[in-house]
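Undergrad: Got a predicted structure here, sequence first:
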Amino acid sequence: MSPFFAMSLLFVLTFGQTASLCAPSEYIIHVEKRECAYCLAINTTICAGFCMTRDSNGKKLLLKSALSQNVCTYKDMLYQTALIPGCPRHIVPYYSYPVAVSCKCGKCNTDYSDCVHEKVRTNYCTKPQKLCNM
């Protein structure tokens, strides 16, 4: 292996994450309960963006740890709770949701993230909408 190639590979593996564009992004969650009169549109932040990944075609040349497929995920987050308006007394009108404070490129943690890419579901309200600015 040539010294130039070795240094280039080391540079990419070391500083590849700094080129990633993973950051908190504004997002609107639409929340409704069947028993409540309104749908709540909540302004929050989620982690979104591009993370450097490594092609597994080079798996014979690289260490197994260098072959990770990183995702943009939470570094720091907090939970906030919103009140869904128009709920009858016997229904709990609260909804808790995560707010991204900072993000990182890393392995997806299934404890607090959905790591499966599903087909896109429409994020909309079927009832009259109320806006919640937190």
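TA: Ah, there it is.

Undergrad: Of all the residues in stretch 83-94, which ones are buried?
TA: 84, 86, 87, 93 (16 or more other C-beta atoms under 10 Å). Just so you know, the C-beta spots here come from the backbone N, C-alpha and C atoms, and that holds for glycine as well.

Undergrad: quick one, what contacts the first one?
TA: Each residue near residue 84 by C-beta atoms under 8 Å, 6 or more residues apart in numbering is listed here: 31, 32, 33, 36, 38, 40, 93, 94, 95.

Undergrad: Could you give the average pLDDT over stretch 25-33?
TA: Taken as a whole, stretch 25-33 has a mean pLDDT of 90.

Undergrad: Only the buried residues of it, if you could.
TA: Quick answer for stretch 25-33 (16+ other C-beta under 10 Å): 27, 29, 31, 32, 33.

Undergrad: for those residues, which one is nearest residue 128?
TA: Nearest to residue 128 among these is residue 32, at 9.8 Å by C-beta to C-beta.

Undergrad: Not counting sequence-adjacent ones, nearest residue to that closest one?
TA: Nearest residue to residue 32, sequence neighbours excluded (C-beta to C-beta, 6 or more residues apart in numbering): residue 39, at 3.9 Å.

Undergrad: So which residues make contact with the helix or strand harbouring residue 23?
TA: Per DSSP states H and E, residue 23 falls inside strand 21-32. With C-beta under 8 Å, 6+ apart as the test, strand 21-32 has contacts from 38-51, 72, 82, 84, 95, 97, 100-105, 123-127, 129.

Undergrad: Among the residues you listed, which ones are in strands?
TA: 39-50, 72, 82, 95, 97, 100-105, 129 (DSSP state E).

Undergrad: Show me just the buried residues among these.
TA: 39-42, 44-47, 72, 82, 95, 97, 100, 103-105.

Undergrad: Could you measure from residue 46 over to residue 82?
TA: 15 Å (C-beta to C-beta, to the nearest Å).
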